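Engineer: Whatever this is, show me its structure:
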Amino acid sequence: MSWAQRLKRVFGIDVNVCVHCGGSVRIVASIEEPSAIRAILAHFEKHGALEEAHYRPAARARPVQAA
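Structural biologist: Residues are numbered from 1 along each chain as shown. As a prediction, this is how the structure comes out:
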């Protein structure tokens with residue numbers, strides 16, 4: 001069982017679904033080294049972590065061309 005499956009089973013957290021749009025999410029990395037995790041969390045404490053930083057707004061329709 002993967003860690004993503006365990007999170008879903010135990011805590012009801014589905015990391016394979018985007019919280020903004022409900023689309024599927026592809027996991028590209030799993031950071032497990034404690035020193036790397038501390039460095040990332042320290043950066044977020046210092047500079048802040050914006051949840052919407054990677055959120056893309058909905059696509060717009062193409063502009064209408066004049067005849």
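Engineer: Helices of this structure, start to end?
Structural biologist: Taking DSSP state H as the criterion, the chain contains helices spanning 3-11, 34-47.
Engineer: what's in contact with the last one?
Structural biologist: I take that to be helix 34-47. Counting by Cβ atoms under 8 Å, 6 or more residues apart in numbering, helix 34-47 makes contact with Ile31, all of which sit outside it. Glycine gets a C-beta too; all of them are placed from N, C-alpha and C.
Engineer: Give me the mean pLDDT for that helix.
Structural biologist: The pLDDT scores in helix 34-47 average 91.
Engineer: can you check stretch 15-23 too?
Structural biologist: Mean per-residue pLDDT for stretch 15-23: 85.
Engineer: what comes up buried for that stretch?
Structural biologist: The neighbour-count check on stretch 15-23 (16 or more other Cβ atoms under 10 Å) flags nothing as buried.
Engineer: can you give me the offset of it from its chain's centre?
Structural biologist: What separates the centre of stretch 15-23 from the centre of its chain is 8 Å, taken as Cα atoms, centre = their mean, to the nearest Å.
Engineer: if we can go back for a sec, turn the helices of the chain into CSV, columns for mean neighbour count and distance to Ile27.
Structural biologist: Formatted as CSV, the helices of the chain follow (neighbours: other Cβ atoms under 10 Å; distance: least, Cβ to Cβ, whole Å):
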stretch, mean neighbour count, distance to Ile27
helix 3-11, 12, 7
helix 34-47, 10, 16
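Engineer: Adding distance to Ala59, write the ones you listed out as JSON lines.
Structural biologist: As requested, the helices of the chain are exported to JSON lines (distance: least, Cβ to Cβ, whole Å):
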{"stretch": "helix 3-11", "distance to Ala59": "27"}
{"stretch": "helix 34-47", "distance to Ala59": "29"}
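Engineer: nearest to Gln65, of those helices?
Structural biologist: helix 34-47 (43.3 Å; Cβ to Cβ).
Engineer: Now find how far off-centre the closest one is within its chain.
Structural biologist: Mean C-alpha position of helix 34-47 versus that of the full chain (Cα atoms, centre = their mean) differs by 17 Å.
Engineer: ditto for stretch 32-42
Structural biologist: Its chain's average C-alpha position is 17 Å from that of stretch 32-42, according to Cα atoms, centre = their mean.
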